[in-house]
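> Return atomic coordinates for the entry below.
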Amino acid sequence: MLTTAYGDEVLTRLRGTRVALGTMYFGTTVDEATSRAILDRFAERGGRVVDTANCYAFWAPGGTGEESELLIGRWLADTGARDEVLLTSKVGCLPDPLDGPFPESAEGLDPSVIHKQFALSAERLGTDRIDVYLTHGDDPKTPLEQSAGALSELVRDGRVGVIGASNSDPETLRGNAELAASSDDIAPARVIQVRHSYLWPDPSFDIRPQRPLSAEMVAHAREHGMVLQGYSPLLQGALTKPDKELSPEYRDEVNERRLAHLREQAERLGVTANQLSLAWMAGAGAGFPVMPVLGVSSVAQLDEALDGIELELPAEVRAALDAQAPLGAL
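Now for the predicted structure:
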């Protein structure tokens, strides 16, 4: 199992952090000035994990996938905040060609792609290292040993602190763990990033390439000391806004009951449903802490979310939320 002092430092810092800032639409639908104001406020309030990818946001009008990383690079250069920030980026989902059908045209995880795209991401971010580097989905066309080997080279060379997997299935996670356990040349995955919210998508809906958190992933994270991260924790505002319809995979009686319960508990505490769900998630909701990856488009939304992260929930409220939670109390 390949580990480095840099990786150990990154992992220690990650484990001591409760929230990440997602920057998917920075530089596209969230303009430069607003994006910078959000980054400034996040740093001012002690936020340290900034999450991006080499494909954010190619699907936005005029987007190429470079916008988020370029904007973060400019912000880091102007503020000198590189050493204070844990940078996360991802590889594997950028369409090749850019206008190709998605996800069929996703670039995948061939070693040549990993090395090329790492170099491009680092250049855009204005850095020689990326603290957390995630695969952005599984690639059945490339043997796991090859992609794991390429990622491990980046770790061994000090260009990456820790690696991990976003939207990987449990079988791939197990395969990486087995490779790392059997070889001193393979770095273990230290981060799992998937979709997670207080509500739970109906498993009959195919939401790939996204994947929701599962009990199997929680068990794997426990066994291997991994950090869990959950994106889309607030379901685009649907937890708080009565006029915001849930996306189809969440529209069932079970989620309606969960949402009503969440809103009732939030009203009792004098907080928003967004804040309560984030406090539950970051504070070991359902028995294991999940770091929310916040997607916000204003400083006000960020402040609301960070206030929620800082909430300390009464034991009886947490127990009541766990009882209705998608994974139960694991």
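> could you measure the spatially closest residue to residue 262 that is not a sequence neighbour against residue 263, distance?
Distance criterion CB to CB, 6 or more residues apart in numbering; nearest residue to residue 262, sequence neighbours excluded, is residue 273 at 5.1 Å. Just so you know, the C-beta spots here come from the backbone N, C-alpha and C atoms, and that holds for glycine as well. Look at residue 273 and residue 263: by CB to CB, to the nearest Å, they are 5 Å apart.
> shared neighbours, these two?
Both residue 273 and residue 263 are in contact with residue 239, where contact means CB atoms under 8 Å, 6 or more residues apart in numbering.
> okay, the two: which has more neighbours?
Set residue 273 next to residue 263 and count neighbours by other CB atoms under 10 Å: residue 273 wins out with 23 against 17.
> And the more buried one, how far from residue 252?
18 Å.
> Please identify the helix or strand for residue 36.
helix 32-44 (DSSP states H and E).
> Following element in sequence after that helix, please.
strand 49-51.
> Parallel or antiparallel, list what pairs with that next one.
Counting by DSSP bridges, the strands paired with strand 49-51 are strand 20-22 (parallel), strand 86-91 (parallel).
> Name the next helix or strand downstream of it, please.
Next along the chain after strand 49-51, taking DSSP H and E as the criterion, comes helix 67-79.
> what about that next one, average pLDDT?
Helix 67-79 shows a mean pLDDT of 98 in the predicted model.
> Between helix 32-44 and that helix, find me the angle.
Helix 67-79 and helix 32-44 meet at an angle of 60 degrees, taking axes from the mean of the first three to the mean of the last three CA atoms, to 10 degrees as the criterion.
> just checking, what packs against helix 67-79?
Contacts defined by 3 or more CB pairs under 8 Å, 6 or more residues apart in numbering; DSSP states H and E place helix 67-79 against helix 32-44, helix 111-125.
> then whichever helix or strand comes after the last one to CSV, C-alphas only?
In the C-terminal direction, the helix or strand that comes right after helix 111-125 (DSSP H and E) is strand 130-135. This file holds the C-alpha atoms of strand 130-135, laid out as CSV (Å, rounded to 0.1, in the frame of the first residue of the first chain):
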residue,chain,number,x,y,z
ILE,A,130,-3.7,18.7,-6.2
ASP,A,131,-4.5,17.6,-2.7
VAL,A,132,-7.4,15.2,-3.5
TYR,A,133,-7.7,13.7,-7.0
LEU,A,134,-10.9,11.7,-7.7
THR,A,135,-12.0,9.5,-10.5
